[in-house]
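Peer 1: need coordinates for the following:
(4 chains)
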There are 4 protein chains.
Amino acid sequence: MSPPEIDSLDTLRLHIREFAQARAWERYHTPKNLVMALSVEAAELLEPFQWLTPEQSQHLSDEQHEAVRQEIADVLIYLTRLADLLDIDLLDAAADKLAINARKYPVEKAHGNALKYSDLSND
Amino acid sequence: MSPPEIDSLDTLRLHIREFAQARAWERYHTPKNLVMALSVEAAELLEPFQWLTPEQSQHLSDEQHEAVRQEIADVLIYLTRLADLLDIDLLDAAADKLAINARKYPVEKAHGNALKYSDLSND
Amino acid sequence: MSPPEIDSLDTLRLHIREFAQARAWERYHTPKNLVMALSVEAAELLEPFQWLTPEQSQHLSDEQHEAVRQEIADVLIYLTRLADLLDIDLLDAAADKLAINARKYPVEKAHGNALKYSDLSND
Amino acid sequence: MSPPEIDSLDTLRLHIREFAQARAWERYHTPKNLVMALSVEAAELLEPFQWLTPEQSQHLSDEQHEAVRQEIADVLIYLTRLADLLDIDLLDAAADKLAINARKYPVEKAHGNALKYSDLSND
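Peer 2: Residues are numbered from 1 along each chain as shown, chains lettered A, B, ... in the order given. Got it, this is the predicted structure:
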């Protein structure tokens, strides 16, 4: 089976929705369950990096890179499914968050200061 | 500051790249560090759901919904940043993963069977 | 090989220390790496519960129970190793935290109120 | 309020049980909810380390060390509570797991080889 043509987050969202419907998985896809699944996938993405130095993490082997690529895909798939169920537009949410972060970490204060300011998030 | 106009994952990727460059955060953005940040955000998304019943998780208050929306945005932002650094196209990766999942969870076997088959991922 | 006799957290700590020394793993056991490993294990503990209802999670099969028992052990092992490296006494730390929590969640206010008060932690 | 005297995991277990009973939190303490809470705490332990180099993670400031100590305590508290509900003895479980790990990572093979063998766990 060749991969589906997916050229936008919106197409991805609809593909995943169909995928779940076809398997009658909607009953399992409560937001509570999906955030758990998302955390599991985020940890699977953490795993290949746990014993690497930061430098090694910048030079993955082809095999490591492909494994990481699949885990990244899993995170995006669950994130898209969760956002669909909660009626959240991912790009709008990210745009709003970047504006919040820009206010929280003004360029002049954040410059090169990671310990206090390097979060892309504002929590 | 009004939110940036972001109409695609590619635009989001470039915005985040500029955001990090302007703050000289690139040195902190190793893949190892970014997967940690992503896991932290995934857990912050877990937190508002931890004591809710599955049913309650489907009926968030406006305040809960907005908090969850911001955490979802954080996950997407770090995921996009990580994929940028690893030269991974998010939509291509998701399309490939959906094809893998379709083979792993054939419709006829997976129908309504969550315990064995309800993962959208294949790990 | 029969399991080692472990009758206290202190004995466990020394066993794990020897285990790591015998394999020359000390170089990998930085606190940064160990908190990543701990998060990975915590997520592996999350995984068997992700599609269960809260009720089902209270009635695990023998096989599920044993799998969960092993993941719980992994979390304890990494937590003990991390605390050893940071020279933290686990029981003292827990006692201090319970005192903090008791102040934060006074019985009269917290009674049966999970959404605001049910955290055993105070973050 | 001074910290309770806690000289064993068993005493800790009973203290936490009373703590939850006094606040009528038992209804929220399903295994499913508790593994979520444990993952949240594990991520809070991850957070202070995310932008540190491995070397920096070995030299925490007093303030960082105290914050980490409290997060470690939170993880132990939830782990103890979960094990209590599932009728799992933490030290027995850890002893059994160490025996499994010793078979999986024989000293001669694992020596100094982190990428393949450095897991204390066997997943």
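
Peer 1: when you work out contacts or count neighbours from here on, use the C-alpha atoms and nothing else.
Peer 2: Fine.

Peer 1: so what's A:P3 up against?
Peer 2: Neighbour list for A:P3: B:95-99 [criterion: CA atoms under 8 Å, 6 or more residues apart in numbering or on different chains].

Peer 1: got phi/psi on it?
Peer 2: The phi/psi pair for A:P3 (degrees, to the nearest 10) reads phi -60, psi 150.

Peer 1: looking at chain A, which helix or strand is least sure?
Peer 2: Least confident helix or strand of chain A, by mean pLDDT, DSSP states H and E, is helix A:114-117 with a mean of 53.

Peer 1: quick one on the thing from earlier: of the contacts of A:P3, which is the nearest to chain D?
Peer 2: Distance to chain D, by CA to the nearest CA, is smallest for B:K97 among the contacts of A:P3, at 22.5 Å.

Peer 1: for the helix or strand containing that closest one, list the C-alpha coordinates in PDB.
Peer 2: If you go by DSSP states H and E, B:K97 is part of helix B:90-104. Extracted C-alpha coordinates of helix B:90-104, given in PDB (Å, rounded to 0.1, in the frame of the first residue of the first chain):
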ATOM      1  CA  LEU B  90       6.400  16.300   9.000                       C
ATOM      2  CA  LEU B  91       3.700  15.500   6.500                       C
ATOM      3  CA  ASP B  92       5.700  13.100   4.500                       C
ATOM      4  CA  ALA B  93       6.700  11.300   7.700                       C
ATOM      5  CA  ALA B  94       3.100  11.100   8.800                       C
ATOM      6  CA  ALA B  95       2.000   9.800   5.400                       C
ATOM      7  CA  ASP B  96       4.600   7.100   5.500                       C
ATOM      8  CA  LYS B  97       3.600   6.100   9.000                       C
ATOM      9  CA  LEU B  98      -0.100   5.900   8.200                       C
ATOM     10  CA  ALA B  99       0.800   3.500   5.400                       C
ATOM     11  CA  ILE B 100       2.800   1.400   7.900                       C
ATOM     12  CA  ASN B 101      -0.100   1.500  10.400                       C
ATOM     13  CA  ALA B 102      -2.700   0.500   7.700                       C
ATOM     14  CA  ARG B 103      -0.700  -2.700   7.000                       C
ATOM     15  CA  LYS B 104      -0.200  -3.400  10.700                       C
END
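
Peer 1: what's next to that helix, contact-wise?
Peer 2: A:1-9, A:12, A:69-70, A:72-74, A:76-77, B:80, B:83, B:120-122.

Peer 1: which elements pack onto the top helix by length along chain A?
Peer 2: Criterion DSSP state H: the longest helix present in chain A is helix A:62-85. With contacts taken as 3 or more CA pairs under 8 Å, 6 or more residues apart in numbering or on different chains; DSSP states H and E, helix A:62-85 sits against helix A:9-22, helix A:31-46, helix B:62-85, helix B:90-104.

Peer 1: in TSV: the ones you listed, plus mean neighbour count.
Peer 2: Below are these laid out as TSV (neighbours: other CA atoms under 10 Å in any protein chain shown):
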stretch	mean neighbour count
helix A:9-22	18
helix A:31-46	27
helix B:62-85	21
helix B:90-104	19
